[in-house]
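**Q** what shape does this take:
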Amino acid sequence: MSYVTTGERIGYERGQKEQAQNLILRLPQSECDVYDGLRLRIQSLALNQLEALGETLLDFTELDDLLTWLAANSVE
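**A** Take a look at the predicted model:
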């Protein structure tokens, strides 16, 4: 097993988070652009929250579903 430095681990975690953010923001692209701050709310989520959102996002039928999820799961 190779040694992973703290810097490498932090970089890996940031990369995972950015990748999850990009995926989530790409799916409802047209609707996310309607609301100022929606992108910022999604980008403020922790990696585990982004993963949970990614799992449920495809079940949403309207933008209100996303807003409701963010209200229930965001740390403000």
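
**Q** what's the burial count for residue 11?
**A** The local packing count at residue 11 equals 12, with neighbours defined by other C-beta atoms under 10 Å. (Each C-beta comes from the backbone N, C-alpha and C, glycine too.)

**Q** what does the one helix or strand it maps to rub up against?
**A** Following DSSP states H and E, one finds residue 11 within helix 6-26. Counting by C-beta atoms under 8 Å, 6 or more residues apart in numbering, helix 6-26 makes contact with 4, 32, 39, 42-43, 45-47, 50-51, 53-54, 57, all of which sit outside it.

**Q** so which strand or helix has residue 67?
**A** The secondary structure element spanning residue 67 is helix 63-73 (assigned by DSSP H and E).

**Q** quick check: the farthest pair among the contacts of helix 6-26?
**A** Across these, the two members that end up farthest from each other (C-beta to C-beta) are 4 and 32, 33.7 Å apart.

**Q** where are the low-confidence patches of this protein?
**A** For the chain, residues meeting the criterion pLDDT under 70 lie at 1, 26-36, 75-76.

**Q** circling back to that earlier point, identify, from the contacts of helix 6-26, the entry nearest to residue 63.
**A** Nearest to residue 63 among the contacts of helix 6-26 is residue 32, at 8.5 Å by C-beta to C-beta.

**Q** output the helix holding residue 67 as PDB, nothing but the C-alphas.
**A** Listed in PDB are the C-alpha atoms of helix 63-73, where the atom choice follows Å, rounded to 0.1, in the frame of the first residue of the first chain:
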ATOM      1  CA  LEU A  63     -37.600  22.300  -9.500                       C
ATOM      2  CA  ASP A  64     -39.600  22.500  -6.300                       C
ATOM      3  CA  ASP A  65     -38.400  19.000  -5.500                       C
ATOM      4  CA  LEU A  66     -34.800  20.200  -5.600                       C
ATOM      5  CA  LEU A  67     -35.600  23.300  -3.500                       C
ATOM      6  CA  THR A  68     -37.400  21.200  -0.900                       C
ATOM      7  CA  TRP A  69     -34.400  18.700  -0.700                       C
ATOM      8  CA  LEU A  70     -32.000  21.600  -0.300                       C
ATOM      9  CA  ALA A  71     -34.100  23.200   2.400                       C
ATOM     10  CA  ALA A  72     -34.200  19.900   4.300                       C
ATOM     11  CA  ASN A  73     -30.500  18.900   3.800                       C
END
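
**Q** lovely, talk soon.
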